[in-house]
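Enquirer: requesting a structural model of the entry that follows:
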Amino acid sequence: MKQGTLVRTQNVIAADKCIEYLLTRPKLEMVGLGLLYGRPGLGKTTYASRIAFSQGYLYLRLEATTTPKAFASKLLLALYKRFGMGEYIPYGTANDLFMMCITLLEIIVVDEIDYAFRHPQLLGAIRDIVDVTTSIVILIGMQNAKDKLNQINEYYFDRCNFFYEFQDLPKRDIAQLCSEIMEIKFHPDIVEYVHFHSCGNVRKAMKLIRTVEEIGRYKNLEVVSQADLDD
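Expert: Alright, predicted model coming up:
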C-alpha cells in the first residue's frame, strides 16, 4: 500500500478550495480564517498534516494541556525551523513570544482546535493572528466545532470566512482511493467491499485496503477479488 499519498477525494478538493478562497480574498476587507470540521476518521488530520508538509505551511496540533504561552512557544519554534533560524527560542511572556511570531507568519494549520474552546485566551491568541496580520489560519475540529464556536463567541464565529464539513466518502472516492494507493491489482467488487464495510470512513477504508493487499500477496494473486477474501 502506497504511503503518504493525498488522494483528491471530494473532501480534499473542498478543503483545497477553502485555502484557495482565503488566499484570493480581499485581504484588507476579510481575515484569513477558515474552519474544517467533521466526524472522526474522515481524513481531516491526514489532510491537514500532508497539505502542510507538501506546501510548506506550518502545522500545529493542540493538546488538552496547551496554554496560550505553550502555543506561542510551539508556534515560534516552528517558525524558527521553517526559516532556518535555529532552535533557540527567546524567553518571555506569552504576549512577548506571540509578538515575535507576528512578523514571520504565513499559512498556519491548527489541528484539534476543540481544545482551545476551553481556553478563551488561547482562542483569542489564534484570532489575533488573523486580526493583526494578513496570515491565513485553517482550524481543524470535530463534528460539532462549528456549533461550539458559534455558542462560545459569535463575534469569533463571524470572522471565519470559510466552513467545510468533511463527509463520508462516496463509492467513487473509495474507488479512487483503492486505485491510487493499492499496489496490487483488484477486481471492481473490492471497491464494493471496502465501501460497504467502511461506511465511507477513511480510517476504516485504509485498514480494509491493507487487509485486502495482505490477502492478495499471501495467496500470490495477480488480481484479488471479494471471493478471495471469503476463502
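
Enquirer: and stretch 16-30, which residues are buried?
Expert: 16, 18-19, 21-22, 25 (16 or more other CB atoms under 10 Å). (Each C-beta comes from the backbone N, C-alpha and C, glycine too.)

Enquirer: kindly report the same for stretch 130-140.
Expert: If you call a residue buried by 16+ other CB under 10 Å, then stretch 130-140 has these buried ones: 130, 133, 135-140.

Enquirer: follow-up on the earlier one: in helices only, show me the buried residues of stretch 16-30.
Expert: Using DSSP state H, 16, 18-19, 21-22 are the members of the buried residues of stretch 16-30 that sit in helices.

Enquirer: save these as CSV, and put in pLDDT and distance to residue 42 too.
Expert: Formatted as CSV, those follow (pLDDT from 0 to 100; distance: CB to CB, whole Å):
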residue, pLDDT, distance to residue 42
16, 95, 15
18, 94, 15
19, 93, 18
21, 95, 20
22, 93, 21
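
Enquirer: tell me which of those residues is nearest to residue 174?
Expert: Proximity of these to residue 174 (CB to CB) peaks at residue 16, which lies at 19.5 Å.

Enquirer: which stretches in the protein count as strands?
Expert: 32-37, 58-61, 107-111, 136-141, 162-165, 185-186, 223-224 (DSSP state E).

Enquirer: contact partners of the fourth one?
Expert: With contacts defined as CB atoms under 8 Å, 6 or more residues apart in numbering, strand 136-141 is touched by 18-19, 22-23, 32-37, 44-45, 48, 106-114, 126, 129-130, 145, 148-149, 160.

Enquirer: lowest-confidence helix or strand of the protein?
Expert: helix 94-102 (a mean of 57; mean pLDDT, DSSP states H and E).

Enquirer: hmm, back to that, from the contacts of strand 136-141, which would you call buried?
Expert: So, by 16+ other CB under 10 Å, the buried ones in the contacts of strand 136-141 are 18-19, 22, 32-37, 44-45, 48, 107-114, 126, 129-130, 145, 148-149, 160.

Enquirer: re earlier: identify the farthest-apart pair in the buried residues of stretch 130-140.
Expert: Based on CB to CB, the longest span within the buried residues of stretch 130-140 runs between 133 and 140 and measures 19.8 Å.

Enquirer: pLDDT weak spots in this protein?
Expert: Applying pLDDT under 70 to the chain picks out residues 80, 82-105, 231.

Enquirer: quick one: contacts for the residue nearest the centre of it?
Expert: Nearest to the mean C-alpha position of the chain, counting by CA atoms, centre = their mean, stands residue 48 at 2.4 Å. Contact analysis of residue 48 by CB under 8 Å, 6+ apart lists 36, 59, 109, 111, 138, 140.
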